[in-house]
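>>> 3D model of this:
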Amino acid sequence: MTATRWQAVVLALLGAGVVGWFVWSAILGRGGLPPQVPWTVAAVLVLIAGIVLRLGLQVRQYQRGKKPDLDAIRAARTAVLAKAAAYTGGVLAGWYGAQTLVLVTDLANEPMRAGALSAGGATGGAVVLAVVGLVVERFCRLPPPGDEATTEPGPHPA
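Take a look at the predicted model:
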């Protein structure tokens, strides 16, 4: 599995943002309002980011020799979870960010102001999830195979 590049996550964010912009602009253009994002969305996204970070720190401790009882399958699943968190955070940040930008045009209107604030909070939570996903995926990297041979002094026994 190759490492997720941050540029790919930004591309997912921009793609979802463009689609979201068109959707939310069309809804506002017809006199409607996008559904208000519950504040719990931001809290849940940050909570998921915290869980992913905790799992990633356990893998990092294992690689440093501080946690010898970690299962290799669990470490692999943590890496996959981190990749999924990065992409999910990017897509959600684009979607909620577009909603925020569309609603922020008229902050004098109370429903639009409340919607912009809650969508902005969800955007922030999604960005946190994406960043944590990228960081934890880096925690799950294995060192190159040549590093073990160069760290041991002297010839290897046959």
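>>> what about the helices in this structure?
Counting by DSSP state H, the chain has helices at residues 6-29, 39-63, 72-103, 110-139, 146-151.
>>> Show me what counts as buried in the third one.
It stands for helix 72-103. 75, 78-79, 81-83, 85-103 (16 or more other CB atoms under 10 Å). Bear in mind the C-beta positions are built from the backbone N, C-alpha and C, glycine included.
>>> okay if I get the helices of the chain as JSON lines plus mean pLDDT?
Below are the helices of the chain laid out as JSON lines (pLDDT from 0 to 100):
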{"stretch": "helix 6-29", "mean pLDDT": "93"}
{"stretch": "helix 39-63", "mean pLDDT": "94"}
{"stretch": "helix 72-103", "mean pLDDT": "93"}
{"stretch": "helix 110-139", "mean pLDDT": "92"}
{"stretch": "helix 146-151", "mean pLDDT": "51"}
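>>> Ser118 against Pro38, yeah?
Yes. Ser118 is within contact range of Pro38, at 7.0 Å (criterion: CB atoms under 8 Å).
>>> who's more crowded, those two?
Ser118 (21 against 12; other CB atoms under 10 Å).
>>> in stretch 103-118, what counts as buried?
103, 112, 115-118.
>>> That stretch: end-to-end distance?
10 Å (CA to CA, to the nearest Å).
>>> do the same with stretch 57-68
13 Å.
>>> can you pull the buried residues of that stretch?
Applying 16+ other CB under 10 Å to stretch 57-68 flags 58-60, 62 as buried.
>>> any idea how far it is from the chain center?
Its chain's average C-alpha position is 22 Å from that of stretch 57-68, according to CA atoms, centre = their mean, to the nearest Å.
>>> next one: stretch 82-91
Distance, stretch centre to chain centre, for stretch 82-91: 4 Å (CA atoms, centre = their mean).
>>> if we can go back for a sec, show me which pair in the buried residues of stretch 103-118 is furthest apart.
Spatially, the most separated pair among the buried residues of stretch 103-118 is Met112 and Ser118, at 11.1 Å (CB to CB).
>>> Would you mind measuring from the most centrally placed residue in the chain to Leu103?
Nearest to the centroid of the C-alpha atoms of the chain, with distances taken as CA atoms, centre = their mean, sits Ala130, at 1.8 Å. As for Ala130, its distance to Leu103 is 22 Å (criterion: CB to CB, to the nearest Å).
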